[in-house]
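# The following comprises the amino acid sequence and a computationally predicted model.
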Amino acid sequence: MSFRERVYAVVMRVPAGRVMGYGHVGAVLGSPRLARQVGWALASLPRDTTVPWHRILRSSGRLALQGDPARGMLQRALLEDEGIVFEADCLPMARYGWMPP
DNA sequence: ATAATGACTGAAT
DNA sequence: AATTCAGCCATTA
């Protein structure tokens, strides 16, 4: 089982309308310092994937993909479709954040 | 085996 | 408040 597959397994557990930070996913995988590797795993995801990659955000609830406007807008649109309300490019992790039981 | 890369993060400017 | 810097570590070359 590769690192990627473990990342996908965690991300796919996140219910609609909830989000997780890269560091949180890394923490579930073993260490909060795996954030970058989580990012790498999602970056190598195919476009037609069923993995809800848009539910993974940067720390403090800021959106990832800020360097890529096209995908950034897509991520925001997907999250809003799930009922998440943004507060000026950020969203309250305290409310939408999720951790596996 | 070594070196470079990056959807990150937290501290320091 | 906005940027830059320096660690991080799986993957790739």
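Sure, I can see it.
# So which residue is dead centre in chain A?
Note on chain A: the residue nearest the mean C-alpha position is A:Ile56, at 0.6 Å, using CA atoms, centre = their mean.
# wait, what's in contact with the residue in chain A that DNA strand C sits nearest to?
With distances taken as CB to the nearest atom of the strand, chain A approaches DNA strand C most closely at A:Phe3, which sits 3.1 Å away. (C-beta placed from N, C-alpha, C; glycine too.) For A:Phe3, the contacting residues are A:29, A:37, A:41, taking CB atoms under 8 Å, 6 or more residues apart in numbering as the criterion.
# ok, and the most crowded of these?
Comparing the contacts of A:Phe3 on neighbour count, A:Ala41 comes out first with 25 neighbours (neighbours: other CB atoms under 10 Å).
# Settle this for me: it is touching A:Ala9, isn't it.
No. With contacts counted by CB atoms under 8 Å, A:Ala41 stays clear of A:Ala9, the gap being 10.7 Å.
# For chain A, which residues are neighbours of DNA strand C?
Within chain A, the positions adjacent to DNA strand C are A:2-4, A:31, A:33-34, A:36-37, A:40, A:44 by CB under 7 Å from any atom of the strand.
# Any chance of a PyMOL selection covering the buried ones in those residues?
Selecting only the buried entries of the residues of chain A next to DNA strand C in PyMOL, with 16 or more other CB atoms under 10 Å as the criterion:
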select buried, chain A and resi 34+37
